[in-house]
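**Student:** Here is a sequence with its predicted model. Questions after.
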Amino acid sequence: MKKMKSAYLLAVLAMLLVFATACGNKNNEGASTDGNKDGKKASGSIVISGSSAMQPLVAAAAEQFTQENPDADIQVQAGGSGTGLSQVAEGAVKIGNSDVFAEEKEGIPADKLKDHQVAVVGMSAAVNPEVGIKDISKKDLIKVFTGKVKNWKELGGKDQKIALINRPDSSGTRATFVKYALDGNAPVEGAATEDSSNTVQKLIKETPGAIGYLAFSYFTDNSGVTPLSIDGVKPTDENVQTGKFPIWAYEHSYTKGEPKGLEKQFLDYLMSDEIQNKLVPDQGYIPASKMEVKRDAQGKITKK
């Protein structure tokens, strides 16, 4: 009798063990496979293109991501917002970065794209340090870029000819600067035009009398350029966040429809606390959550 009772107890214990193991396996099957949240490493390859203003942030995030996920390959290219939007819409790249809303670019099927607002970037005019000014009114800035003022001495600076450095029509930085700094006035024809913000920074630094425009992320201690205040308002993150400084844009990462696979894993990583609270500000950008105002595709600003 005792033997039968012991055998029964052993059978019950064995059944409980099998049940517990099955439940554990079921729970593991339902675990997240996004990024490496569950310890699973990401793998595969994607190409990202677009905004050169956004490139430093995305490239730095991609470097960190691939260090944590060595089987993943993420190539980050520039080329301008228009290029990023066109290429992601065509399916040539998985993610297209842009400083402007897709709705603002003619010929882009915005209804087919999914917007992921990664951060906010401030932008301002920047000059060669020898120019001799650190502040300019919006009225005078428009005169400079439309060719009505041709020498810095007219604005209290050095007796030196103004050398304009512009961005191409495909540039989101240009679109943002023209819309919010120049009130829609197109820069004068004949100015030097460069595809990359890196090149613009280098040319401003090396060219006497030069002026161009750049994202705040390019205004580092050793950048060799002087960012300009506008109407006495300094180009700072705080002034952008409160809406005092007018030249800023969302940094968009667009996908063709809902992201999946490695593109989703990387976008989740971009929006993680690790990136938003550390890398975004370290790279000279503003987390969108820190903004006290918001702007729509038509440029209308409202308080949050």
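**Tutor:** Thanks, I have it. On a predicted model such as this, the values are computed, not experimentally measured, just so you know.
**Student:** In the sheet, which residues pair with the closest residue to Val88 other than its chain neighbours? Tell me.
**Tutor:** Leaving aside its sequence neighbours, Val88 sits nearest to Gly96 (Cβ to Cβ, 6 or more residues apart in numbering; 3.0 Å). For every residue, glycine as well, the C-beta is placed using N, CA and C. Note on Gly96: beta-bridge partners Ser49, Tyr254, judged by DSSP bridges.
**Student:** Could you check how many residues crowd around Gly96?
**Tutor:** When neighbours are defined as other Cβ atoms under 10 Å, Gly96 has 29 of them.
**Student:** Go ahead and confirm it touches Ile46.
**Tutor:** No. With contact defined as Cβ atoms under 8 Å, Gly96 and Ile46 do not form a contacting pair (11.5 Å).
**Student:** Just say helix, strand or coil for the nearest residue to Phe177 once chain neighbours are set aside.
**Tutor:** Distances taken as Cβ to Cβ, 6+ apart place Tyr213 nearest to Phe177, at 4.5 Å, with adjacent residues excluded. Following DSSP: H, G, I helix; E, B strand; the rest coil, Tyr213 is assigned to strand.
**Student:** Tyr213: what's it in contact with?
**Tutor:** By Cβ atoms under 8 Å, 6 or more residues apart in numbering, the contact set of Tyr213 is 123-126, 167, 173-174, 177, 181, 200.
**Student:** One more pass at 10 Å, please.
**Tutor:** Residues in contact with Tyr213 (Cβ atoms under 10 Å, 6 or more residues apart in numbering) are 53, 123-126, 141, 145, 165-167, 171, 173-174, 176-178, 181-182, 187, 197, 200, 204, 227-228, 247.
**Student:** So which of those residues belong to strands?
**Tutor:** Among the contacts of Tyr213, the members found in strands (DSSP state E) are 123-126, 165-166, 227.
**Student:** and which of those residues is nearest Val149?
**Tutor:** If you rank the ones in strands among the contacts of Tyr213 by distance to Val149 using Cβ to Cβ, Ala125 comes first, at 12.8 Å.
**Student:** residues near the residue nearest to Gly261 when sequence neighbours are not counted, how many?
**Tutor:** Excluding the flanking residues, the one nearest Gly261 by Cβ to Cβ, 6+ apart is Gly44, at 6.3 Å. By the measure other Cβ under 10 Å, the count of residues near Gly44 is 15.
**Student:** State the distance from Gly44 to Lys161.
**Tutor:** Computed as Cβ to Cβ, to the nearest Å, the Gly44 to Lys161 distance reads 52 Å.
**Student:** Touching, Met271 and Gln265? I think so.
**Tutor:** No. Using Cβ atoms under 10 Å, Met271 makes no contact with Gln265, being 11.3 Å away.
**Student:** ranges for the helices of the stretch 201-304 of the chain?
**Tutor:** Per DSSP state H, counting those that start in this stretch, the stretch 201-304 of the chain carries helices over the ranges 237-242, 261-270, 273-274, 280-282.
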